Structures are given as structure tokens and as C-alpha cells.
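K.L.:
Below are the sequence and a predicted model; questions follow.
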Amino acid sequence: VRWEETTQDGKQFRLNQATMPHVLRRLDNGDFSVGKAIGIATDDYDEAEWQNREAGNDKNNPFPPFIGKPITDLGRFQERLMMLSGEHCVMSVTNQPTNFFRSTVSQVLDTGPIRMRSTGQQAAKLEKIVDLGNDVLLFSSKGQHRLSGAQAMTPRDAALPRITSYAAQLKSAPDTDGGDVYFAQSHGQYSKMQRFKTGRADVAKTEAFSISDHALQYIEGEIGNIVASESQKMILINALSDSKLYVYEYRENDDGNHSQGSWSDWEFGSGEYAIQHMRMENDLIEMAVTNADDDLIYLTLALFQSDLLLSDRLHLDNKFLETGVTTTVTAPAGWNKGNADLKIVMANDTPLPWGDIGYVDNLDGTYTLDESAEGGTVIVGEVFRSDYVPPRPRVNDKSGKLITQVKLNVTDYDVLLKSGSLFADVEGEFVDPWD
């Protein structure tokens, strides 16, 4: 006699493949394909399917809690696909990301699917997942939950403890700089940013500190995106109410605390553009923005300079670099000149290092230089306007508390550029931003 398990007769056992999560995959030729499922065993995404229930019934092997409900986030933990839905955190079978059912109901396997709810007293919808390496941090609007990766999690010992109860504004996903996590909070009609110290190996030290209390009415409205970079010691955010990119730069002590921190903002087109998405790779910021006509535009911003020959040393927009130039510069395929004034500058391997050179536009994508670069490097780009508005000066007492009963008057100022930064033109003008 051979024992085989099957599903209970007359009970639904199939998942609706059309309403399960799909995968958007970029192909080698730059096109995209949409598949019905994740499919780890095949590259043909259209054939891979979410696995149906093959044993038991609704009581001993029920459908996962996300069926019929919105899925708020996806992630991975210990070779399992993880989904958040409502108050539940649901994980697939180990190494089977498309399977959320038990393979047998006669025993509980360590590799079987996991379903958890918060052990806290106040249950709340789980919305965001932050990967901390071995551990995972889950955010709800009312608190934070931590899954430890120190040991393999099984259906027998799975638990979802709430470690802190910080309120969170989750229009934007929290982000980590590799150690700490940054998330947004509401402050009336404004937003503020929190730095969540994860405690790393010591969960008992988990706590959050504000990094924007000195600028509580600075970021208006809700926050749309948060990007953290440990290498650049920088946090980027954008508010949904304007076209600004808010930048938090900090210096860190050996103990991990921020010794200094400052906020600034970069505005794109005086409200003409809306930031939809952004990411940071080393010293490059990549953004997708839309204009008033809903055209999608991709921007790349270079932050720092690493080599005298790189065009990133020169602050020009829509720029390109050409080597081996004598008297003619040819624009690369796909480059289009904008409406701004064009500058052509020689690099330091030419007779006129960083000289602003005159030219003739031949109107065919080529430019004839007034002087020869003698086989050196030339940078071509458009001039753009960059304004710096200093924050209102503030004075704190010895305990760090803001002194409000004091008035400061700015009588003079100096502009200090970062070492190595070169501009095509620099003009300074002081305008009182608080008049």
C-alpha cells in the first residue's frame, strides 16, 4: 500500500495566476517582458506559475493570508520569498519562492511556509521591508519589528516581535546606509527624518534619533523617496509637494554618532518637475522626473571629482568628454544641444588647462575650436544656474537647546568651494532670503 496525500474533495486548491504578483524583467536587448511568476527553475517567466495546494484543506493547509488582500511589500529572508499583507508576514517554502503551501499535512517540516502576526499589543498593517544583511526590519505606521537571522527560522519557532513603537510615515520606503535606517515622520503639515540605530548585533540598543529637529518646518508635505549612502555620508529625500531634492550630509564619529549634520535642497525648474524615483550608486545620483506634460526624463548628477581628466570636475549640464581633439569636436550619437549657452573647456592635458575656448557651431553636431587642443581632452556642456540660499542662523546653549530669544544679523559672508571644484563661471550675489 502506498500512501499519497491529496487535497480535500470539493475544496478550492488553485491560485488565480492572473492576480498573483508578476515579474518585470529587462532583456539583453533593452526590452522588457512581463511574466506571471518568479520561476526559479526556468528562464521562461511566462511558463513559471505559483504553486497550488497539493495536500490538505482550508484548516490544516489554508491559503496564504495575502489572498484577496493587497500585498504591501516583497522581500527575501533566509532563502524564502517574504510578503507583507495586512498584519501578516508570510514566507514561502525554503528555496521555493513560488510555493506558499505545505507539501504534507502529516508533519511540520522546518522548510515549510511561515505565517506570522505581530506579538505586540497594538496590531498594525505591515508596509515596508528593510534588509539589514542577516536581519530584516519590518515597518508599520505604529512600530518596527525585527527578524533575526542568527538562526534558521522554522514554522515552529517563527515569531514577529515588535522592538520599538516609533510612528512612521510610509509613503516612502525607509532606507539603510548599511548600518542605520532612515525613515520619515509627520510633523503637522511638515515632515521630519529619523535615524533608526539598529543596534546591529545588540537589539537592546535599538533606538531612533531625529536628524531634522533643528529644521522642523523645512520639508513641507509628505516624503516620496528616501535614499541613504554610507560611502558619501549623505541622505537624499524628496517631498511630494515640490520639485526639490533635500540633502542631509553628516560626519560620523568612531562610535557611529553624527558629530555634524546639515540640510540643503536642490530645486529643479522652480516647480516644473516632479521627482518620481531616484537611486544612488557611488557618487552618482540617478533620477527619473516628469515635467508639466508628464514626459519622463532621466537625470544623472555627479557629486564628486576623482580625476583631473574627468568631465565631472567641471560643473556643466548635458556634458560630454572627447579625447584626442585637435580643432574639431564631434558630439556623440544621441546627444542633443539644449537651449542654454554652450561652453567648451580644455582639460589639463592641453596647452590651455581648464581654459574656456571659443568655437564655431557647424550646425551638424561638430564644433570647430578657435585654438588647437593638440590631441588633448575637451569637455563640452551647457551653463546652468545654481543658487545657494543659506539657512537662518541659529544659536544653541551648552545643553544643545535652541535659544529663541536672540536675533542674528548677517553683515558679511564668504563662499568656500570644495577642494578641486572648478566652475565655468562663478558669480556671487548676496540676497537676504528672509526679507
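P.N.:
That came through, no problem.
K.L.:
three-state assignment of Asp265?
P.N.:
Per DSSP: H, G, I helix; E, B strand; the rest coil, the secondary structure class of Asp265 is strand.
K.L.:
mind starting the numbering at 105 from now?
P.N.:
Let's use 105 as the start, then, which means that last one is Asp369.
K.L.:
beta partners for it?
P.N.:
Beta-bridge pairing for Asp369 (DSSP bridges): Tyr350.
K.L.:
who are the neighbours in contact with it?
P.N.:
Residues near Asp369 by C-beta atoms under 8 Å, 6 or more residues apart in numbering: 348-351. (Glycine included, C-beta is placed from N, CA and C.)
K.L.:
what's the closest of those to Thr434?
P.N.:
Thr434 has its nearest neighbour among the contacts of Asp369 in Leu349, at 32.9 Å by C-beta to C-beta.
K.L.:
residues contacting the closest one?
P.N.:
Leu349 neighbours (C-beta under 8 Å, 6+ apart): 340-342, 369-372, 379, 382, 391.
K.L.:
Separate out the buried members of those residues.
P.N.:
For the contacts of Leu349, a burial check counting by 16 or more other C-beta atoms under 10 Å picks out 340-342, 369, 372, 379, 382, 391.
K.L.:
Including secondary structure, distance to Tyr471 and pLDDT, could these go into TSV?
P.N.:
Shown next, in TSV, are those (DSSP: H, G, I helix; E, B strand; the rest coil; distance: C-beta to C-beta, whole Å; pLDDT from 0 to 100):
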residue	secondary structure	distance to Tyr471	pLDDT
Leu340	strand	35	94
Ile341	strand	39	94
Asn342	strand	36	92
Asp369	strand	35	86
Phe372	coil	27	73
Ile379	strand	33	89
Met382	strand	32	91
Met391	strand	29	88
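K.L.:
which one of those residues sits closest to Ser333?
P.N.:
Checking the buried ones among the contacts of Leu349 against Ser333 by C-beta to C-beta gives Leu340 as the nearest, at 7.7 Å.
K.L.:
so what's the closest one bridging to?
P.N.:
Val331, Val351.
K.L.:
measure it to Asn466 for me?
P.N.:
40 Å (C-beta to C-beta, to the nearest Å).
K.L.:
And Asp397, how far from Ala444?
P.N.:
20 Å.
K.L.:
more neighbours, these two?
P.N.:
Each of Asp397 and Ala444 has its neighbours counted (other C-beta atoms under 10 Å); Ala444 has more, 14 against 5.
K.L.:
what secondary structure does the more buried one sit in?
P.N.:
Applying three-state DSSP: Ala444 is coil.
K.L.:
Return the residues in contact with the nearest residue to it once chain neighbours are set aside.
P.N.:
Of all residues not flanking Ala444 in the chain, Glu486 sits nearest, at 3.9 Å (C-beta to C-beta, 6 or more residues apart in numbering). Contact partners of Glu486, counting by C-beta under 8 Å, 6+ apart, are 420-423, 441-442, 444-447.
K.L.:
and of these, the nearest to Phe117?
P.N.:
Nearest to Phe117 among these, with distances taken as C-beta to C-beta, is Asn422, at 57.4 Å.
K.L.:
Averaged pLDDT, the helix or strand hosting that closest one. What do you get?
P.N.:
Applying DSSP states H and E as the criterion places Asn422 in strand 421-429. The average of the pLDDT scores along strand 421-429 is 88.
K.L.:
three-state assignment of Ala122?
P.N.:
helix.
K.L.:
what pLDDT does it get?
P.N.:
85.
K.L.:
Surely Ile218 touches Met195?
P.N.:
Yes: Ile218 is within contact range of Met195, at 4.1 Å (criterion: C-beta atoms under 8 Å).
K.L.:
re earlier: for the contacts of Glu486, which ChimeraX command selects only the ones that are buried?
P.N.:
Of the contacts of Glu486, the buried ones can be selected in ChimeraX as follows, counting by 16+ other C-beta under 10 Å:
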select :420,423,446,447
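K.L.:
His381 belongs to a strand?
P.N.:
Yes: His381: assigned to a strand according to three-state DSSP.
K.L.:
Could you find the closest non-adjacent residue to it?
P.N.:
Per C-beta to C-beta, 6+ apart, closest to His381 is Ala392, 4.6 Å.
K.L.:
Distance check, that neighbour against Asp398.
P.N.:
On the measure of C-beta to C-beta, Ala392 and Asp398 end up 12 Å apart.
K.L.:
and the nearest residue in space to Asn395 that is not next to it in sequence, what does it touch?
P.N.:
Distances taken as C-beta to C-beta, 6+ apart put Tyr377 closest to Asn395, at 5.6 Å, once the chain neighbours are dropped. For Tyr377, the contacting residues are 347, 393-395, 401, by C-beta under 8 Å, 6+ apart.
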